[in-house]
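Student: Here you go, sequence then predicted model.
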Amino acid sequence: MAPPPASRAADSAPADPGRPAASAPEPITVPSTRDHPHHHLVDRRDTPRGRAWEPERSRRGGAMDGAAAVKLVSGEAGYVLEDVPHVSDYLPDLPLFALWAYMAWAFLTYPNPLQDNPAYSVVKQYFVNPDDTVCQKIVVHKDGPRGNHFRRAGPRQRVYFEPDEVHACIVTCGGLCPGLNTVIREIVCGLSDMYGVTKILGIQGGYRGFYARNTITLTPKCVNDIHKRGGTILGSSRGGHDTVKIVDSIQDRGINQVYVIGGDGTQRGAGVIFEEVRRRGLKVSVAGIPKTIDNDIPVIDKSFGFDTAVEEAQRAINAAHVEAVSAENGIGLVKLMGRHSGFIAHYATLASRDVDCCLIPESPFYLEGEGGLFRYIEKRLKDNGHMVIVVAEGAGQKLIAETMQSIGKDASGNELLLDVGLWLSQKINEYFKRNKMIINLKYIDPTYMIRAIPSNASDNVYCTLLAHSVVHGAMAGYTGFTIGQVNGRHCYIPFYRITEKQNRVSITDRMWARLLSSTNQPSFLCNKVIEEAKKEQERAAQLIDGSPSHRKLAGKVAGPNSGDTK
Ligand SMILES: Nc1ncnc2c1ncn2[C@@H]1O[C@H](COP(=O)(O)OP(=O)(O)O)[C@@H](O)[C@H]1O
Ligand SMILES: O=P(O)(O)OC[C@H]1O[C@](O)(COP(=O)(O)O)[C@@H](O)[C@@H]1O
Ligand SMILES: [Mg+2]
């Protein structure tokens, strides 16, 4: 049974802009995927992302097998909705007849308490139309298909959980990132102030905290000031994801809303938890809030904490610049976060204008010879007397590996990186010693100082909106989703969509060209690298625009570019 996606009458629900939505008529929904002519459920095990899956299989009452269902709704002109699961998809079936189904839906859902909330009830059109979706690609061609869409986030007129029955928990996993405490605060305050939920648990120390640590009770009072602090009041960890133990703990504690804040690894873990919850047939909503300081999560506009990180990085770059200009042939070298994605280095460089060279993982570079880094440094020092280099922590790893041994993986399975900053400092010093030129190199590694600070003002607002949107989704009964901002609008994105690939800086788009033109650094690109980068970008665009199974439904997508370049 589907949530209320395919409503016809709902089109007219909160449509009157002059009338408070609270008094708008309830949308009449068609609560069944079977009733929607274009609704497809796809089993991801058999095709690149799925073979057509009999809707009936997903609608059995009770426990289900572990297949990850992709819910696709196709429409006119190549429109595809990549929908998120709903708790009712796997809970017992509702009657087939439309009237009975409607009555059963009305019986199983509750009026949203927001309509009686003095702060919100005056807002015009406060509730979102349940049929609203957000398109992934906003740059389209006249004759191109409408493409992929996600379900729009926001409060629904009817909710699937009664506030009294909600027992929510929040967990933070992976590395630190500015804004974690703000998201925790706003989930707690959102649940409490908007929905009157009183039972909220904080799981301490990441995933393993579900079964190996204590929990803390979270109230609006105890989280009141936490957004002013860096880190996470719940603690975090890598590794320790034991699905069975985690879901046992969820079941034993009677938790029915799980809010998981973390990066790509965490969202993968949340996806597995959702599958197990669904297999056991539990009425539990599993919802993710993507956290990554590196901005490496795809589909979404950007991750929270990223702006703060770029801003804080300026302080390190300024210090490097001051050191560099104050010494003979001064070189300031700054290492910034970015394991596989160099967005922080890229944006911090563009923002600063003091940087002469930015090295990121996506753009391989070389040291010696014509067009290499050493010649460029030499030229900059001769022309300008000083220079600033920004390097992302994942840059040049292949070069370093030629002379140093790999140092293994962390508890989550992430490759541990060799310190590119130290390595590069040593190589530059050696080169200029060999060439008998005096230089003064100062290496600054501000990474942990950057990620430990509280979020700035704009990230605070961003975190607040994400937290409220995720609460609305879970209260409406959606599950197996991550909240994300896509083209400026919040939407519910299936877990698999944000974990199937990483967001990487495209070195063949205009944003990177702007950086090259601002630093004047060599592009380090030979034709082979450019061709490889273009192919990689096309592959990525295909994933972003939709898998082959989507395109069968959506028709051909417009243009090879994912539209990342602004
Ligand atoms: N494929 C996976 N399946 C289940 N859990 C995972 C998976 N990958 C990572 N995790 C868990 O997610 C948590 C955070 O992952 P990590 O990679 O450290 O950080 P991030 O989520 O920030 O990328 C860890 O507890 C880890 O065990
Ligand atoms: O994917 P995550 O958890 O956000 O991790 C990214 C972060 O991990 C790091 O590479 C190292 O973090 P740890 O030392 O905690 O493993 C940071 O520099 C980077 O910001
Ligand atoms: Mg990660």
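Tutor: Structure's in. What do you need? Here the structure is a predicted model, which is why all the values come from computation and not from measurement. Ligands and ions are numbered 1, 2, ... in the order given.

Student: List the contacts of whichever residue of the stretch 101-250 of the chain sits closest to ligand 3.
Tutor: Proximity of the stretch 101-250 of the chain to ligand 3 (CB to the ion) peaks at residue 174, 5.7 Å away. (C-beta placed from N, C-alpha, C; glycine too.) Residue 174 is in contact with 206, 236, 238, 262, 263, 265, 266, 291, 292, 412, counting by CB atoms under 8 Å, 6 or more residues apart in numbering.

Student: Columns secondary structure on top of those residues, output as CSV?
Tutor: Converted to CSV, those look like this (DSSP: H, G, I helix; E, B strand; the rest coil):
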residue, secondary structure
206, coil
236, coil
238, coil
262, strand
263, coil
265, helix
266, helix
291, strand
292, coil
412, coil
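
Student: What distance do you get for the residue in the stretch 451-566 of the chain positioned nearest to ligand 2 to residue 482?
Tutor: Using CB to the nearest ligand atom, the single residue of the stretch 451-566 of the chain nearest to ligand 2 is residue 451, 5.4 Å away. To residue 482, residue 451 is 21 Å away according to CB to CB, to the nearest Å.

Student: returning to that earlier point: can I assume the residue of the stretch 451-566 of the chain closest to ligand 2 is in contact with residue 337?
Tutor: Yes. Shown here, residue 451 and residue 337 form a contact pair, counting by CB atoms under 8 Å, at 6.6 Å.

Student: still on that earlier bit, got JSON lines for the contacts of residue 174, with pLDDT too?
Tutor: Shown next, in JSON lines, are those (pLDDT from 0 to 100):
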{"residue": "206", "pLDDT": "98"}
{"residue": "236", "pLDDT": "97"}
{"residue": "238", "pLDDT": "97"}
{"residue": "262", "pLDDT": "97"}
{"residue": "263", "pLDDT": "96"}
{"residue": "265", "pLDDT": "96"}
{"residue": "266", "pLDDT": "97"}
{"residue": "291", "pLDDT": "96"}
{"residue": "292", "pLDDT": "93"}
{"residue": "412", "pLDDT": "93"}
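
Student: And the furthest pair within those residues?
Tutor: 206 and 292 (15.0 Å; CB to CB).

Student: just to revisit the earlier point, buried ones among the contacts of residue 174?
Tutor: Neighbour counting with 16 or more other CB atoms under 10 Å marks 206, 236, 238, 262, 263, 265, 266, 291, 292, 412 as buried within the contacts of residue 174.

Student: ok, and which of those reach ligand 1?
Tutor: Contacts with ligand 1 within the buried ones among the contacts of residue 174, counted by CB under 6 Å from any ligand atom: 206, 238, 262, 263, 265, 266, 292, 412.

Student: Pick the one among the residues you listed closest to residue 435.
Tutor: Taking CB to CB as the measure, residue 435 lies nearest residue 292 of those, at 40.5 Å.

Student: what's the nearest residue to the closest one if we skip its chain neighbours?
Tutor: Take residue 292 and drop its neighbours on the chain: the residue closest to it by CB to CB, 6 or more residues apart in numbering is residue 263, 4.1 Å away.

Student: can you pull the contacts of the one you found?
Tutor: Contacts of residue 263 by CB under 8 Å, 6+ apart are 173, 174, 175, 177, 290, 291, 292, 294, 296, 297.

Student: Tell me which ones among those residues also neighbour ligand 2, please.
Tutor: Checking those against ligand 2 (CB under 6 Å from any ligand atom), the matches are 174, 175, 177, 292, 294.

Student: For the residues you listed, work out which two are farthest apart.
Tutor: Using CB to CB, these span at most 10.6 Å, a distance reached by 174 and 294.

Student: Get me the contact residues on the stretch 51-200 of the chain for ligand 1.
Tutor: Close to ligand 1, as judged by CB under 6 Å from any ligand atom, the stretch 51-200 of the chain has residues 173, 174, 175.

Student: Grab the nearest non-local neighbour of the spatially most central residue of the chain.
Tutor: Central residue of the chain (CA atoms, centre = their mean): residue 290, 3.8 Å from the mean position. Residue nearest to residue 290 in three dimensions, not counting chain neighbours: residue 297, with 4.7 Å by CB to CB, 6+ apart.

Student: SS state for that neighbour?
Tutor: coil.

Student: what's the overlap in contacts for residue 451 and residue 337?
Tutor: Common neighbours of residue 451 and residue 337 (criterion: CB under 8 Å, 6+ apart): 293, 309.

Student: Pick out whichever of those two has more residues nearby.
Tutor: Applying other CB atoms under 10 Å to residue 451 and residue 337 shows that residue 337 carries more neighbours, namely 26 against 22.

Student: ok, the more buried one to ligand 2 distance?
Tutor: 3 Å (CB to the nearest ligand atom, to the nearest Å).

Student: Relative to ligand 3, how far out is the residue nearest to residue 292?
Tutor: To ligand 3, residue 263 is 4 Å away according to CB to the ion, to the nearest Å.

Student: sorry, back to before: what is the residue nearest to the centre of the chain paired to in the beta sheet?
Tutor: Beta bridges link residue 290 to residue 262, judged by DSSP bridges.

Student: out of the contacts of residue 263, who's nearest ligand 1?
Tutor: Nearest to ligand 1 among the contacts of residue 263: residue 174, at 2.2 Å, using CB to the nearest ligand atom.

Student: picking that back up, mind listing what the residue of the stretch 451-566 of the chain closest to ligand 2 touches?
Tutor: Contacts of residue 451 (CB under 8 Å, 6+ apart): 175, 176, 177, 178, 230, 293, 305, 309, 337.

Student: Give me the nearest residue to it, chain neighbours excluded.
Tutor: Leaving aside its chain neighbours, residue 451 sits nearest to residue 176 (4.7 Å; criterion: CB to CB, 6+ apart).

Student: Then residue 472?
Tutor: Using CB to CB, 6+ apart, the closest residue to residue 472 is residue 155 (4.6 Å).

Student: okay but residue 256 is in contact with residue 166, surely?
Tutor: Yes. In terms of CB under 8 Å, residue 256 counts as a neighbour of residue 166; the distance is 6.3 Å.
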